[in-house]
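turn this into a model:
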Amino acid sequence: MNRIKNIFTVVFFVLFSATSFAQQDSIALQREARSLLRNGNELYQQEKYTDASVLYKKALEKSATYKKASYNLGNALYLQKDYKEAVPQFELSAKAAKDKFSKAESFHNLGNSMMEQKQYQQAIDAYKNALRNNPNDDETRYNLAVAKKKLKEQKDKENKDNKDDKKDNKDKKDNKDKNDDKGDQKDDKKGDQKDEDKNKDDKKDDQNGDQKDNKDPKQNENKDNKKKEQPKKGKMTPEQIKQLLESLNNEEKKTQKKMNVEKAKGTKTNKEKDW
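Numbering: from 1, shown residues only. Below you'll find the model as predicted:
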């Protein structure tokens, strides 16, 4: 039993010592954080907001829940117009704040950061939280009214833009439909014109064909007759035969006439001498 008691005694001593050392380390870190915060505040008063931000961040590294460091860091970032980075610092300080006045200050500055980013609904929510913690803050009440007005203007503009967009889209659609109709009508006219031109060409071709067929029937007939009258190779036509016979008859008549003349004159004969 004595051995067991001794063991418990040793364990308790070790745990107590570890706790004591942890507390001492925590106190040392908090002291360092406070020192960094004071130095940052000096730079802040000199309007050296960037350098002050560096020290505030180091203070938060020593003590992550150091609400004064996060609040002052938020203010330094806000004055550098880094509103987006300032927001989480004010949210952290509002959450860590133990009194209502500190909470109200953090929510008020949070609302201002949202206003600068034109996030009016978030700004309204922040100002309302500030007034819940400090209802007598007239500056917060005024900022809340401004945020509501800005939100209404923003929504009205969005509605107007949406209506304009819808109207533009409708006009574009109507114009597109009109253009499509015009295109269809134009295509129909082109198609009708093509059909009409084709019919004209067909009629013209038919007329030309008829004219070619009926242009000179006699000429066509003569052509046919000429084709028929053309002699075949090696044969004489009746006309040629007739002409040849007439020519022979004429020659024969001439010969006969000549012979008759000779008979009338007498012919020379050779007589033998009788001596």
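
okay but Ala94 is in contact with Phe107, surely?
Yes: using Cβ atoms under 8 Å, Ala94 is in contact with Phe107, at 5.4 Å. (Glycine included, C-beta is placed from N, CA and C.)

avg pLDDT for stretch 251-262?
Stretch 251-262 carries an average pLDDT of 65.

what's the answer for stretch 116-131, then?
For stretch 116-131, the per-residue pLDDT averages 97.

which residues touch it?
81, 83-84, 94, 103-105, 107-108, 110-112, 114-115, 137, 140-141, 143-144, 147-148, 150-151, 154 (Cβ atoms under 8 Å, 6 or more residues apart in numbering).

and the helices in the protein?
Here the chain has its helices, by DSSP state H, at 2-45, 49-62, 67-79, 83-96, 100-116, 120-133, 138-214, 217-229, 238-265.

ok, of these, where does mean pLDDT dip lowest?
For the helices of the chain, where the average pLDDT is lowest is helix 217-229, sitting at a mean of 43.

using CSV, write out every CA atom in stretch 150-166.
Extracted in CSV, the C-alpha atoms of stretch 150-166 (Å, rounded to 0.1, in the frame of the first residue of the first chain):
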residue,chain,number,x,y,z
LYS,A,150,-28.3,51.2,-50.3
LEU,A,151,-29.7,47.7,-50.3
LYS,A,152,-33.0,49.0,-51.7
GLU,A,153,-31.2,50.9,-54.4
GLN,A,154,-29.2,47.8,-55.2
LYS,A,155,-32.2,45.6,-55.5
ASP,A,156,-34.1,48.2,-57.6
LYS,A,157,-31.1,48.4,-60.0
GLU,A,158,-30.9,44.6,-60.2
ASN,A,159,-34.6,44.4,-61.0
LYS,A,160,-34.3,47.1,-63.6
ASP,A,161,-31.3,45.4,-65.1
ASN,A,162,-33.1,42.1,-65.2
LYS,A,163,-36.1,43.8,-66.9
ASP,A,164,-33.8,45.4,-69.4
ASP,A,165,-32.0,42.1,-70.0
LYS,A,166,-35.4,40.4,-70.6
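
what are the buried residues along that stretch?
Buried residues in stretch 150-166, counted by 16 or more other Cβ atoms under 10 Å: Lys150, Leu151.

about what we covered before: so how do I select the buried members of the contacts of stretch 116-131 in PyMOL?
Remark: buried members of the contacts of stretch 116-131, expressed as a PyMOL selection using 16+ other Cβ under 10 Å:
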select buried, resi 83+94+103+104+105+107+108+110+111+112+114+115+137+140+143+144+147+150+151
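
what sits closest to Glu32 if chain neighbours are left out?
Excluding the flanking residues, the one nearest Glu32 by Cβ to Cβ, 6 or more residues apart in numbering is Lys62, at 4.9 Å.

that neighbour and Asp161, how far apart?
49 Å (Cβ to Cβ, to the nearest Å).

quick one: the residue nearest to Glu32 and Leu36 touch, right?
Yes: using Cβ under 8 Å, Lys62 makes contact with Leu36 at a distance of 6.9 Å.

and the two? Which one has more around it.
Leu36 (22 against 19; other Cβ atoms under 10 Å).

check contacts around the more buried one.
Neighbours of Leu36 in contact, by Cβ under 8 Å, 6+ apart: Leu55, Tyr56, Lys58, Ala59, Lys62, Ala69.

most neighbours out of these, which is it?
Most surrounded of the contacts of Leu36: other Cβ under 10 Å gives Tyr56, at 31 neighbours.

any figure for the gap between it and Phe90?
Plainly put, Tyr56 is 13 Å away from Phe90 if you go by Cβ to Cβ.

shared neighbours, the two?
Counting by Cβ under 8 Å, 6+ apart, the contacts common to Tyr56 and Phe90 are Ser70.

returning to what we had before: I'd like the contacts of Leu36 as JSON lines, with distance to Arg132 appended.
Listed next are the contacts of Leu36 as JSON lines, based on distance: Cβ to Cβ, whole Å:
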{"residue": "Leu55", "distance to Arg132": "32"}
{"residue": "Tyr56", "distance to Arg132": "27"}
{"residue": "Lys58", "distance to Arg132": "33"}
{"residue": "Ala59", "distance to Arg132": "29"}
{"residue": "Lys62", "distance to Arg132": "32"}
{"residue": "Ala69", "distance to Arg132": "25"}
